[in-house]
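*Asks:* have a look at this prediction, sequence included:
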Amino acid sequence: MNTLIFRTIAPYLTSLMVLFSIFVLLRGHNEPGGGFIGGLIAASAFAIYGIACGVSPVRRAIYFHPLGIAGFGLVLATLSGMLSVFFHVPFMTGLWGYVPIFEENVPVSTVLFFDIGVYFVVVGAITSVALALEERSRD
Amino acid sequence: MEILMALLVGVFFSVAVYLFLSRHIIRMLLGAAVLGNAVNLLIFTSGRLTPEAPPIIATGPAGTAEIMANPLPQALILTAIVISFSFFAFLLVLTYRAYQELETDDTDEMRFAEPRGQTLPPLEY
Amino acid sequence: MASPDTYPVDLSAAMITVPVHLADWLVVAPVALCIAAGAILMMLRKTTWMQAGASVVGLSLLVVVCGALLAHVLINGTVTMTMGRWLPPFGISFTVDILGASLTFVASIIALAAGIFGADDVDNSGRRYGFYPFLFLMMAGVIGAFLTGDIFNLYVWFEVLLISSFGLLILGSEPRQIDGATKYAFLNLVATTLFLIATGYLYGVFGTLNMADIMRKAPEMSETAPLLTLTAIYFMAFGMKAAAFPVNFWLPASYHTPRIVVSALFAGLLTKVGVYALLRVLIMLFPAERDMLGLVIAIVAALTMVFGALGALAQTDYRRLLGYLVISGIGVMLAGIALASMAGLSGTIFYAVHSMIVMTALYLVCGLTARIAGGFSLAEPADIYRSHLPLAALALMLLFAVSGLPPFSGFWPKAVLVKASLDVGEWWMAAAILLTGFLTTIAAGRVWILVYWRARQEADDGDASLVRLKPMVDYLPVALLTGLAVLLGVYPEPFLEMSQTAASQLIHPAAYIDSVFPAGGAE
C-alpha cells in the first residue's frame, strides 16, 4: 500500500477525518452521531495514516500511548457521572448548564463530557488494536 | 417480513455453528463474527419491524404504540454490537498472534498448554 | 434548546424526585472506584515503580468501601440506586441485597491479597503491560455483576470482566498462554452469546429487563410464555461460565497457563460470578421453571463434583490439579441450587465464599512452592517442610480446607449441604458430596506428602533453602486468606446466619422488589 498517491494524500485525509470525527461527536446529542461513532472515525483515520506512512509516525503524531488515551476517556466518563453526588441525584444523572459564548447560550452538560470520554476510550482502544495489527504485518 | 427475518436468523446461526465446528481458528473467528450478527438480528427482529413511525408517543389520544417499533431492542443491539466488535478485534489479534507464535491454526496441533503424553503422579512416597 | 424544567410534562412520573442520601452512593462507589482507579493506572502504565503501591492503596480503599456497603445492607436492608434519575424499570438499577454485598466484600479482599502478592510476582514488563489496570477493570466487572439489578446490565458486566480477563490471561505472551487464551476466549464467547440470546428472548417475553420487574410479571406469564426454554438457555450459559460438567473444558485448558497471581484471581472470582448469576436467575427470577429442571441440575452437579475430583487425582502438575479442584467445588455449589431449599442455598452461598478464599490462597501457595521447587511437577520432591516450615503449614491448612475437613472453612457448608440433601431424601446427592470429599482428601493429601513432606533423595538440598520469601508481600496475603478460612471454620455461626438470611432473601424476594419499587411503585 505504499504508493505515492496514497502517501501524499494520507496526511490530508487523516486530518480531515479527525476533524469530521469531532464534528460527529459534538452533533451527537440530538442528532445521529456521538462519541462511539466519532471515535471509530478518528481511529480509522489513524489506521489509514499507519497503513500509508508506517506505525511509528502515527505513534509520534498522537504523542500519548493509545491505551493512555483510553484511560483518560474512562476517567472523564466516570467523573462526569460522579458529578451528580453534589446535587443529591443518582449516579450518571444528566446535569445541564449554559455557558454564554458570543452572546449565544451554549448548553453544556455532563452528558457531553461522558460522550467525550467515550470518544477517547474508543479512539484509544481501537487505535491500539489497529496499530498492533499493522506493526506485526510488517515484520 | 418477520418470518423472513426469522429464517435468516436461523441460517446465520447454522452457518456460525458450522464454522465453529471447524478445527481451524480462522474459520472459528469467522463463525464468531456471524454468530454475533445472528444474535443482533434476532434481538432486532423481536422489537417489531415497522418503518411507519418514530417511537415517540404524542400528547393526546394514545393507542398508536402498535405501529411503531420498540426502540429498546435497537439500543440493546447497539451495545451488543460494540461489545461483539471489541471482542472480534481482540480475537483477531489473538488468532494472529497464535498463528505466528504457535505456527499453526489447527486446534488439534495446539498442544502447548496441555501437552500430550502426560504421566500419572507418583504412586508411592 | 429549552431547559428540561420548562417542559409541560409531569416529571415525577418518569424521574426520581427524592434526593439521594450520601449513604446510597455506596451502591455504585465500588464499581466507580474500580473503573476510575483502573483508568488512572492505565494512563500511568510507564511509571512501574508506583503501580504496585498505588494499587494496594486503591484496593484497601475498595475493601473499606465494600465493607461499608455490606454493613449498610445488613443494617438497612436491600438498597437500590437507579442510574440517571429515571424511575425503574426504565433506568438501570443497582440493587444490593446481602448475597451481592457479601460476595462483593469477599471479592474485594481477594483482589487486595492478589494485589499485594502481585507486587512481587509481576515483574516490570508485566506491570508495563498493564497488570494492575486490568486487575481493577476486572474487579469492576465482577463487582458490577454482583451488584446490578438489571439483566442486560449483568451481560455488560460479564463482558467487561471477560475482556479484562483476556488482558490478564495473555500477560507475558508465551506460546502456552496464547494457546490457553484462545480456547478460553472462544468458549467464553459462546457462553456469553447464549446469555445474550436468552436476554433477547426475555425482553421479547416480558418487555422489561429489570429483575424486580421480571419477578413481578413472571408468575402470571408462566402459563403462556416459553419460560422453561428461557431458563434452560440461561442454565446452559451460566453453567458454561461456572464450568459445570459437560461444558467445562475451557477451564483445565487455560487456568494453569497465566502468571500464578492471575490464576489465583480467576479461580477465586470468575467461576463464582457464574454461580452467582445462576442463583439470581434460577432461584430468584424463575423458581417454578427451575423446579422442572431440578433433576437435570442435580445430575449436572453430581457429575461436576465427581469429575473434578477424579481429574484432580490424575494430575501430575500442581496447577492443573488445582484447576480440577475449582471444578469440583463448582459441583458442590450446584448441588445447593439443585436442592433449592433454604438450607441447600445457604450451603451454596457459604461454600462460594469458602471456595473464593481457599482457591485463591491455594494458587498463591502453589506459586510460592513452585518458586522454591523450581517447577510445578508433583514428581519432584521439594522438601519444603524442612526448608520453609510456615509455607508447608499454610499449605496443609488450605489443603484440609479444600477437602472439607474440620476445623477449616470447607467443613460447614458441606455438612449443611449433606444434611439438606438428606432432608429432602436425595441420598445420592449426599453420597456424591461425601464421595467427592473423600477423593479430594486423597488428592490434596497426596499433594502435601509429595511436594511438602517428602525428603529429597540427593544430598544437595542447599538450593531450596536459599530461596527467600518476603514476609510482607509473599506470606501476608496467603496468611490473611488462610486466617479467614480458619475463622470461617472455627467460628461459623455469624456467617451461617448471614448465608441463611441471604438464601431466604433469594427465595422470598419481596424485600428486593420493594427496594426497587417502593410502596408498589409505578406500573
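*Replies:* Yep, that arrived.
*Asks:* please name the nearest non-neighbouring residue to residue C:367.
*Replies:* Using Cβ to Cβ, 6 or more residues apart in numbering or on different chains and skipping the chain neighbours, the partner closest in space to residue C:367 is residue C:260 (3.1 Å). Bear in mind the C-beta positions are built from the backbone N, C-alpha and C, glycine included.
*Asks:* and residue C:491, how many neighbours?
*Replies:* Per other Cβ atoms under 10 Å in any protein chain shown, the neighbour tally for residue C:491 reads 10.
*Asks:* for it, give me phi and psi.
*Replies:* Here is the backbone geometry of residue C:491 (degrees, to the nearest 10): phi -130, psi 70.
*Asks:* do you know how far it is from chain B?
*Replies:* Noted for residue C:491: a distance of 35 Å to chain B, by Cβ to the nearest Cβ, to the nearest Å.
*Asks:* same check, this time on residue C:95
*Replies:* As judged by Cβ to the nearest Cβ, residue C:95 and chain B stand 20 Å apart.
*Asks:* where does that residue fall, secondary structure wise?
*Replies:* strand C:93-96 (DSSP states H and E).
*Asks:* show me what that strand is packed against.
*Replies:* strand C:79-82, helix C:131-147, helix C:211-221, helix C:510-516 (3 or more Cβ pairs under 8 Å, 6 or more residues apart in numbering or on different chains; DSSP states H and E).
*Asks:* what's the first helix or strand after that strand?
*Replies:* helix C:98-121.
*Asks:* give me phi/psi at the residue of chain A most remote from its centre?
*Replies:* Distance to the chain centre peaks in chain A at residue A:88, reaching 30.5 Å (criterion: Cα atoms, centre = their mean). With angles defined as degrees, to the nearest 10, residue A:88 sits at phi 60, psi 40.
*Asks:* hang on, it packs against residue C:20?
*Replies:* Yes. With contact defined as Cβ atoms under 8 Å, residue A:88 reaches residue C:20; the gap is 5.5 Å.
*Asks:* residues contacting residue C:119?
*Replies:* Residues in contact with residue C:119 (Cβ atoms under 8 Å, 6 or more residues apart in numbering or on different chains) are C:52, C:53, C:56, C:473.
*Asks:* tell me the helix or strand right after the lowest-mean-pLDDT helix or strand in chain C.
*Replies:* Sorting the helices and strands of chain C by mean pLDDT, DSSP states H and E puts helix C:462-466 at the bottom, at a mean of 59. Where DSSP H and E defines the elements, the next helix or strand beyond helix C:462-466 is helix C:476-490.
*Asks:* now the strand or helix carrying residue A:61: buried residues?
*Replies:* Taking DSSP H and E as the definition, residue A:61 sits inside helix A:55-62. Within helix A:55-62, the residues that qualify as buried are A:55, A:58, A:59, A:62, counting by 16 or more other Cβ atoms under 10 Å in any protein chain shown.
*Asks:* what's the local residue count around the closest residue to the first one other than its chain neighbours?
*Replies:* Leaving aside its chain neighbours, residue A:55 sits nearest to residue A:135 (4.8 Å; criterion: Cβ to Cβ, 6+ apart). Under the neighbour criterion other Cβ under 10 Å, residue A:135 is assigned a count of 15.
*Asks:* related to what we said a few turns ago, distance from the chain centre to the strand holding residue C:95, please.
*Replies:* 18 Å (Cα atoms, centre = their mean, to the nearest Å).
*Asks:* model confidence for the closest residue to chain B within chain A, exactly?
*Replies:* Relative to chain B, the nearest point of chain A is residue A:129 (4.6 Å; Cβ to the nearest Cβ). You'll see residue A:129 listed with a pLDDT of 86.
*Asks:* repeat that for residue C:113.
*Replies:* Per-residue pLDDT puts residue C:113 at 94.
*Asks:* just to revisit the earlier point, quick check, the residue of chain A closest to chain B in contact with residue B:90.
*Replies:* Yes. Counting by Cβ under 8 Å, residue B:90 is a contact partner of residue A:129 at 7.4 Å.
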